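Undergrad: Any chance you could fold what I've pasted below:
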Amino acid sequence: MDIVTGLWAAKALAVATRMGLFSDLSAAPGLPVAEVAARHGIAERPAELLLTACAGLGLLVREGEGYANTPEAERYLVRGRPEYFGDAVISFDRRYAGWMRLEEAVAGNVPTNFDPRAKESMFDAQDAALKKTYWSAMYALSAPSARALGEVLDLGGVRRLLDVGGGGAAYDIELC
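TA: So this is what the prediction gives:
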């Protein structure tokens, strides 16, 4: 059941992240359902369903008539926090459409996240938002391992660091 319903959890997390729900609850813990609905221009019923889903995932806790972030949501899903992982969630969410066409991709040996007749890769487009989210996601994925490496690697005598790989510079930042 966890495998079959995994998409439900991922989509609930992605919608809540895209809405900025965790950032809202960080600023106003215990925010009531009606206020969440009003802030996001949605009806109370879907707001409550989304809040309940996020609580079921262990990302929110009920506080009186409202909800608040768990420590994990506060650490990883509040925009602006050092370990913010939300852009990775949003980036992965953009690829779900392609995964829903996996049978087509396997049978036809074609990508399903972009039209290969129109461009060579999903990065050929001039979609600045896609590129920004992608690089932020790559940083969020790399930073924890870079931080762990920095904790065990003795760089006491090192004065210069050369980044050969480029990317989001997570290793450079964490090692410095």
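Undergrad: Give me the distance from the least confident helix or strand in the chain by mean pLDDT to the chain's centre.
TA: Every helix and strand in the chain was compared by mean pLDDT, DSSP states H and E; the lowest is helix 128-152, with a mean of 83. The chain centre lies 11 Å from the centre of helix 128-152; the measure is CA atoms, centre = their mean, to the nearest Å.
Undergrad: List the buried residues in it.
TA: Buried positions in helix 128-152, judged by neighbour count with 16 or more other CB atoms under 10 Å: 133-134, 136-143, 146-147. (Each C-beta comes from the backbone N, C-alpha and C, glycine too.)
Undergrad: cool, and stretch 74-83?
TA: Using 16+ other CB under 10 Å as the test for burial, stretch 74-83 gives 74, 76-78.
Undergrad: Distance of residue 49 relative to residue 26?
TA: For residue 49, the distance to residue 26 equals 21 Å [CB to CB, to the nearest Å].
Undergrad: The two: which is more packed in?
TA: Shown here are residue 49 and residue 26; by other CB atoms under 10 Å, residue 26 has more neighbours (18 against 13).
Undergrad: Count the neighbours of residue 27 for me.
TA: 10.
Undergrad: That one and residue 115, how far apart?
TA: 40 Å.
Undergrad: residue ranges of the strands in the protein, please?
TA: With strands called from DSSP state E, the chain shows them at 31-32, 60-63, 66-69.
Undergrad: So which of those strands is the most surrounded?
TA: Looking across the strands of the chain with neighbours counted as mean count of other CB atoms under 10 Å, the highest average goes to strand 66-69: a mean of 22.
Undergrad: pull the CA atoms of it into CSV?
TA: Below are the C-alpha coordinates for strand 66-69, written out as CSV (Å, rounded to 0.1, in the frame of the first residue of the first chain):
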residue,chain,number,x,y,z
GLY,A,66,-5.3,24.8,13.8
TYR,A,67,-2.1,23.2,12.7
ALA,A,68,1.6,23.8,13.3
ASN,A,69,4.8,22.5,11.7
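Undergrad: I'm done for today, thanks for sticking with me.
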